[in-house]
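Asker: only geometry, no sequence info:
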């Protein structure tokens, strides 16, 4: 079976002719959005199956919710009813929740309320067989804006529900101008906005089925998370423990990242990325423009470039901006500073590159480490760029938490790599909001860079010979140069 990521990448090649029902795990949302955006032939998928209960229409008339006469046994379990991380769906409450999620999204993207959706969204509940059941989204373009159906189990996680609703609402908005092809919503946008809503914890946004009676009246549980004014608090805690994603990683998330098996780094990075884009001048307008261009352009990257051209004339400008945002984000809440021993170990790790070496073509690979100097002198330009760009970024983030004795030295390594690559780097001194990207340094050659790194290595050994070692943590061995 092909991985969700493979299906996500391959789907655009056969989307127009695929009339099959596509299902996806709620945590692999990239595959969800791409695979669900299929066109149904006139004879297939034109009608939606009926349910046992009379459908409930939302206040705007855009959402039509329906469900079975009997809910699943799973939904009736006391432990499920008491779990605030789970949502138990019921048609009337589902219609209200859908409208409220749409209102939050429209407010975040500054979509005018009079810009009512033309596409009908059918929300169909079915009895859940497990707590890890798939959600399915179907879409079909029509002359009057499109028809959408979301199949939902009657019990699912709060996150999965929010992400599914965010995806179909964005898809309906993007397809309003579509003619021959459906939009493909980028995973980072759907996940980032969903995480924003989950972090904000707006009361009464998602309503769950009543789990008890009070004086004969059903009481509905309200899932609300109060985090004060900082909606990025959760993302901040995650990114203190795991490194944030680079722009390339955010663009092409793996199946494990989409499933949340990376410690939450992808979701936290997506939320931060979307939040930072919205903070730009006319950020909501530019994101709306990107959504509207998605059905016309071949991929979201082209639509993004058109919408944000004034801010990021080249893709490289966007990558540099994101690197600056990550450094600024880390500077706002650096977390606990590293001890000297941990700082030494981290610096050693950053200044070495793991490699696999073979004595002969038929021998098994042996794991080893080489220095940055060896990378510069022995690897081709493409491999050098990939390795040194990552090291430049990681040195900048590590500098914020280094022990005082090693801060200037870490900055020296960072400047040496920036000069060799001809790249500007983030100036980390001063208040966070005053930090900026430096002017592009004068590019220096490989020979001078190696000498500069050798001098920094000598300075590092001299510093370590003078300072008293921290015995609380044993540093790793010095890498061999």
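Answerer: Done, it's in. All values reported here derive from a predicted model rather than from experimental measurement.
Asker: the strands in the chain, which residues?
Answerer: 56-57, 63-66, 86-88, 120-126, 136-140, 147-153, 155-157, 212-214, 217-219, 352-357, 366-371, 426-427, 436-437 (DSSP state E).
Asker: Of all these, which one is nearest residue 180?
Answerer: For residue 180, the closest of those is strand 136-140, at 13.2 Å, according to Cβ to Cβ. (Glycine included, C-beta is placed from N, CA and C.)
Asker: mind checking how far the closest one is from the chain centre?
Answerer: Between the centre of strand 136-140 and the centre of its host chain there is 23 Å, according to Cα atoms, centre = their mean, to the nearest Å.
Asker: hmm, back to that, so which of the strands of the chain is nearest residue 315?
Answerer: Per Cβ to Cβ, nearest to residue 315 of these: strand 436-437, 16.1 Å.
Asker: okay, the strands of the chain in CSV with distance to residue 248, mean neighbour count and mean pLDDT next?
Answerer: Formatted as CSV, those follow (distance: least, Cβ to Cβ, whole Å; neighbours: other Cβ atoms under 10 Å; pLDDT from 0 to 100):
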stretch, distance to residue 248, mean neighbour count, mean pLDDT
strand 56-57, 44, 16, 90
strand 63-66, 37, 24, 93
strand 86-88, 34, 25, 87
strand 120-126, 33, 22, 92
strand 136-140, 27, 22, 89
strand 147-153, 31, 23, 93
strand 155-157, 29, 22, 89
strand 212-214, 49, 10, 43
strand 217-219, 48, 10, 47
strand 352-357, 18, 14, 82
strand 366-371, 23, 14, 83
strand 426-427, 18, 19, 56
strand 436-437, 19, 14, 46
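Asker: Make JSON lines out of these and add distance to residue 264.
Answerer: JSON lines is the format used below for these (distance: least, Cβ to Cβ, whole Å):
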{"stretch": "strand 56-57", "distance to residue 264": "35"}
{"stretch": "strand 63-66", "distance to residue 264": "30"}
{"stretch": "strand 86-88", "distance to residue 264": "19"}
{"stretch": "strand 120-126", "distance to residue 264": "28"}
{"stretch": "strand 136-140", "distance to residue 264": "24"}
{"stretch": "strand 147-153", "distance to residue 264": "24"}
{"stretch": "strand 155-157", "distance to residue 264": "14"}
{"stretch": "strand 212-214", "distance to residue 264": "32"}
{"stretch": "strand 217-219", "distance to residue 264": "32"}
{"stretch": "strand 352-357", "distance to residue 264": "25"}
{"stretch": "strand 366-371", "distance to residue 264": "29"}
{"stretch": "strand 426-427", "distance to residue 264": "24"}
{"stretch": "strand 436-437", "distance to residue 264": "28"}
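Asker: Nearest to residue 286, out of those strands?
Answerer: So among these, strand 436-437 is nearest, using Cβ to Cβ, at 20.6 Å.
Asker: Can you give me the domain boundaries for the chain?
Answerer: What automatic domain parsing lists as the domains of the chain is 4-324, 334-466.
Asker: count of neighbours near the residue nearest to residue 99 when sequence neighbours are not counted?
Answerer: Spatial nearest neighbour of residue 99, excluding adjacent residues (Cβ to Cβ, 6 or more residues apart in numbering): residue 58 at 4.8 Å. A count of nearby residues for residue 58, using other Cβ atoms under 10 Å, gives 20.
Asker: mind listing what residue 58 touches?
Answerer: Neighbouring residues of residue 58 by Cβ atoms under 8 Å, 6 or more residues apart in numbering: 64, 65, 95, 96, 98, 99.
Asker: Quick check: of those, which lies closest to residue 143?
Answerer: Using Cβ to Cβ, those come closest to residue 143 at residue 64, 19.2 Å.
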